[in-house]
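Colleague: Curious how this folds, go ahead:
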Amino acid sequence: MVHAIRIHAVGGPEVMKWEEVEVGSPGPGQIRIKTSAAGLNYLDTYHRTGLYKLPLPLTLGTEGSGVVTAVGEGVSDITVGDRVAYASAPLGSYSEERLMQADRCVVLPDGIDDKLAAAIMLKGMTTEYLVQRTFKIKAGDTVLFHAAAGGVGLLFGQWAKALGATVIGTVSTEDKAKLARAHGYDHIINYRTENFVEKVKELTKGAGVPVVYDGVGKDTWAGSLDCLSPFGLMVSFGNASGPVPPVDITSLAGKGSLYVTRPTLNTYTAKRADLVASAKALFEVVKSGKVKVEIPQTYALKDAAQAHTDLEARKTTGSTLLLP
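Modeller: Alright, predicted model coming up:
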């Protein structure tokens, strides 16, 4: 028996329980992993609260890394002793050991240690598809990213800057503004003291930006649309402040024939070839030094409820790990 963070009902962090679970042997196409670290992501709170509905009870956690201790039938490209990482369903990374589908895992290369991998798989591959596929950022673009000091935000600022973009970011405190500036952002807007729409228009001389990346949701949705230039793309990839309200699609016409997309990492890595390519691009940009990763917070895995509390209170920055 091993321990894991389980929920039997949706709700606040108090529903998270440290319980014994039976893992068992891997079945066909599966591997058993001894967890080195689990990544903390806002996505985990959506599963806990029921915003994204899943069958209960369940073990939380989408992202993690560890060492393979057993391999099931039909698995040929991963062997016992390999270091692997993942950032996809099925949930279960908040566990000392777990079973995982082998085709959803990637073997870690030299130069990417287990903790680093657990800190960057979900956020890093999210950043990869945002900058290279949802909207292919090119030199000379000016882009807006909300929550610039968050886990995705700090990676995004560096990666977009490396691609030659001018990067505008929003934050909620001056400390977060300093952090974002150190991670590639050219302009920082404190949305608690400034009107971010007016500031974006000022910075772009009234033109607006061709793309807004918004993981905040309800609080920034309307203003984000007003920051876009004609034919601009609104990329809504998260709901940290709550879900986006119902959208009147005709409003997109009057604001400049805008486009809207709601991408997910699951879709962008659904094919194994895309998963492997995304992880490879991420590992390469990190190993090159163009994107540096910091892990300002770690918690014991059994204290995951406190980690969720701090995350939702916006007390965390960058990547956070849960350690068995």
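Colleague: tell me the contacts of the most centrally placed residue in the chain?
Modeller: Central residue of the chain (Cα atoms, centre = their mean): K123, 3.2 Å from the mean position. By Cβ atoms under 8 Å, 6 or more residues apart in numbering, K123 lies in contact with 39, 41, 151-152, 155, 319. Every C-beta, even on glycine, is put in place using the N, C-alpha and C of the backbone.
Colleague: Could the C-alpha coordinates of the host helix or strand of it be exported in PDB?
Modeller: Per DSSP states H and E, K123 falls inside helix 114-129. Taking only C-alpha atoms (Å, rounded to 0.1, in the frame of the first residue of the first chain), the coordinates of helix 114-129 have been written out as PDB:
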ATOM      1  CA  ASP A 114      13.000  14.600 -12.400                       C
ATOM      2  CA  LYS A 115      12.000  17.600 -10.400                       C
ATOM      3  CA  LEU A 116      12.500  20.000 -13.300                       C
ATOM      4  CA  ALA A 117      10.400  17.700 -15.500                       C
ATOM      5  CA  ALA A 118       7.500  17.700 -13.000                       C
ATOM      6  CA  ALA A 119       7.700  21.500 -12.900                       C
ATOM      7  CA  ILE A 120       7.600  22.000 -16.700                       C
ATOM      8  CA  MET A 121       5.700  19.200 -18.400                       C
ATOM      9  CA  LEU A 122       2.200  20.700 -18.300                       C
ATOM     10  CA  LYS A 123       3.100  24.300 -18.100                       C
ATOM     11  CA  GLY A 124       5.900  24.000 -20.600                       C
ATOM     12  CA  MET A 125       4.000  22.000 -23.200                       C
ATOM     13  CA  THR A 126       1.100  24.400 -22.800                       C
ATOM     14  CA  THR A 127       3.500  27.200 -23.500                       C
ATOM     15  CA  GLU A 128       4.900  25.300 -26.600                       C
ATOM     16  CA  TYR A 129       1.500  25.000 -28.200                       C
END
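Colleague: Neighbouring strands - and their directions - for whatever helix or strand comes next after it?
Modeller: Using DSSP H and E, the next helix or strand after helix 114-129 towards the C-terminus is strand 142-145. Strand pairing for strand 142-145, determined by DSSP bridges: strand 166-171 (parallel), strand 209-214 (parallel).
Colleague: Just the helices from the stretch 151-300 of the chain, written as ranges.
Modeller: Counting by DSSP state H, counting those that start in this stretch, the stretch 151-300 of the chain has helices at residues 151-162, 174-181, 196-203, 221-226, 251-254, 265-268, 272-287.
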